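In: Build me a model from this:
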Amino acid sequence: MANFRKRESGLWQATVRVTGYPSQSKTFERKVDAEIWARKIEADIDRGIFQNASEAEKTTLSDLIDRFKKEYAPFHYRKRADEKEAWRFQLARLDSMLGKYSLAAIDQKTVGAFRDLRLAGNSQMAAVASSTVRKEIFMLSKLLKFAQIECGILLPRGNPVDNVRKPSEGKGRERRLTKIEFARLEAEIIKSRNKTLYPAFQFAIETAARQNEVLSLTWENVNLERKFALMKETKNGEVRAAPLSSKAIDVLNSLPKPKPAGKFNPDDHPFPIDRTCLLSAFRYACQRAKIQDFTWHDLRHEAMSRLSEKNEFSVLELASISGHKTLQMLKKYTHLQAEKLAEKMG
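Out: Now for the predicted structure:
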């Protein structure tokens, strides 16, 4: 049954009470709007499809981001993460553009408008690459799933990101160094004042590990006897055992170990350097070596190309080494195995 009360402010408050359901109330400027809302609530209850969206209505995306930083991020992102980590930038952008919206108000049109504005830009904001927008939209989806699963907030439309077209991922980079360029870069990295840079560089080349996987690796997750390292902070969120080559093992053995094997603290890292310092030292080494258009992530492509050129690994084995979740991502390496496939064909 619905009741209507005019408050001192002049607004109309509608209250719906039905046995077996928590009471629902909402305030409107006009009584007619309060009556329409109340009839809809009563009809939904009668049909058994009522969903209480009150918490989603009063919680803004900015509120959710604050909870995400306190309750989710400390347990799912590197403890040594600095203020320039990508996820922080993504949250900041979402907060600045969508933070004032209630969770109930974020629908497919809202997400689509955000996508289009980020891609096209305007007089106040430059356009950004489709890959950047794609990552920001996936972060929004993660936030909304956090609201549903961890916070128990019912989203009346579900997760709207699921039904929004995402920007294309774009063509992957295929930049490789020539032998001369690689020798110049390696020489400058060796000369770097940052003594963690060269072993991290070698380890990345030998394992094809992503930057975050290298930096988040801990000694307690390294098994030198069995020749593997457990990568726990991966891009797809799945823990994997990365095989260690003899050279990768040599690199790890050359590093100082804070405590005897088997007694490491969770925060003991083989490569104790934050992302900003690593990328800064690497960038300066590239500049000194006169290497252009080459990033740390390109080391992963270099490593995968070298493994593929050995003609000793199948595509599935390459995926196991690199941690690629789909074989589609490895298609650019299959042409390097053409000679091996031709031999098998006879």
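In: This structure - how does it break down into domains?
Out: If you go by automatic domain parsing, the domain ranges for the chain are 2-50, 57-163, 179-297.
In: Pull the residues that contact whatever helix or strand Q13 lives in.
Out: Using DSSP states H and E, Q13 sits in strand 12-16. Residues outside strand 12-16 that contact it (C-beta atoms under 8 Å, 6 or more residues apart in numbering): 1-7, 23-31, 33-35, 37-38, 41-42, 45. C-beta here means a position set from N, CA and C on the backbone, and glycine is covered the same way.
In: same deal with stretch 86-104?
Out: 53, 56-62, 64-65, 68-69, 73, 77, 81, 106, 110, 114, 117-118, 135-136, 139-140, 143-144, 147, 153, 155-156.
In: 6 Å - rerun?
Out: A53, A56, E57, T59, T60, L61, S62, I65, E136, M139, L140, P156 (C-beta atoms under 6 Å, 6 or more residues apart in numbering).
In: Relative to M304, which of the domains of the chain is closest?
Out: Ranking the domains of the chain by proximity to M304 (C-beta to C-beta) places domain 179-297 first, at 5.2 Å.
In: how near is A289 to V133?
Out: As judged by C-beta to C-beta, to the nearest Å, A289 and V133 stand 33 Å apart.
In: Actually, E57.
Out: Relative to V133, and taking C-beta to C-beta, E57 is found at 27 Å.
In: These two - which one has more neighbours?
Out: V133 (20 against 14; other C-beta atoms under 10 Å).
In: isn't there a helix covering that one?
Out: Yes - under DSSP: H, G, I helix; E, B strand; the rest coil, V133 sits within a helix.
In: OK, contacts around it?
Out: V133 neighbours (C-beta under 6 Å, 6+ apart): R115, R118, L119, P167.
In: Would you mind measuring from the nearest residue in space to S254 that is not next to it in sequence to D107?
Out: Excluding its sequence neighbours, the residue lying closest to S254 (C-beta to C-beta, 6 or more residues apart in numbering) is P199, at 6.6 Å. Distance of P199 to D107, computed by C-beta to C-beta: 49 Å.
In: out of these two, which sits in the busier spot?
Out: P199 (19 against 16).
In: Helix or strand: which one has that one?
Out: Going by DSSP H and E, P199 is part of helix 197-207.
In: Run through the neighbouring helices and strands of that helix.
Out: Applying 3 or more C-beta pairs under 6 Å, 6 or more residues apart in numbering; DSSP states H and E, one finds that helix 197-207 contacts helix 179-191, helix 211-216, helix 246-253, helix 298-309.
In: among these, which is the most enclosed?
Out: helix 211-216 (a mean of 21; mean count of other C-beta atoms under 10 Å).
In: CA atoms of it as PDB?
Out: Provided in PDB are the C-alpha atoms of helix 211-216 (Å, rounded to 0.1, in the frame of the first residue of the first chain):
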ATOM      1  CA  GLN A 211      56.900  -5.600 -16.800                       C
ATOM      2  CA  ASN A 212      54.500  -6.000 -13.900                       C
ATOM      3  CA  GLU A 213      55.300  -9.700 -13.700                       C
ATOM      4  CA  VAL A 214      59.000  -9.000 -13.400                       C
ATOM      5  CA  LEU A 215      58.500  -6.300 -10.800                       C
ATOM      6  CA  SER A 216      56.000  -8.100  -8.700                       C
END
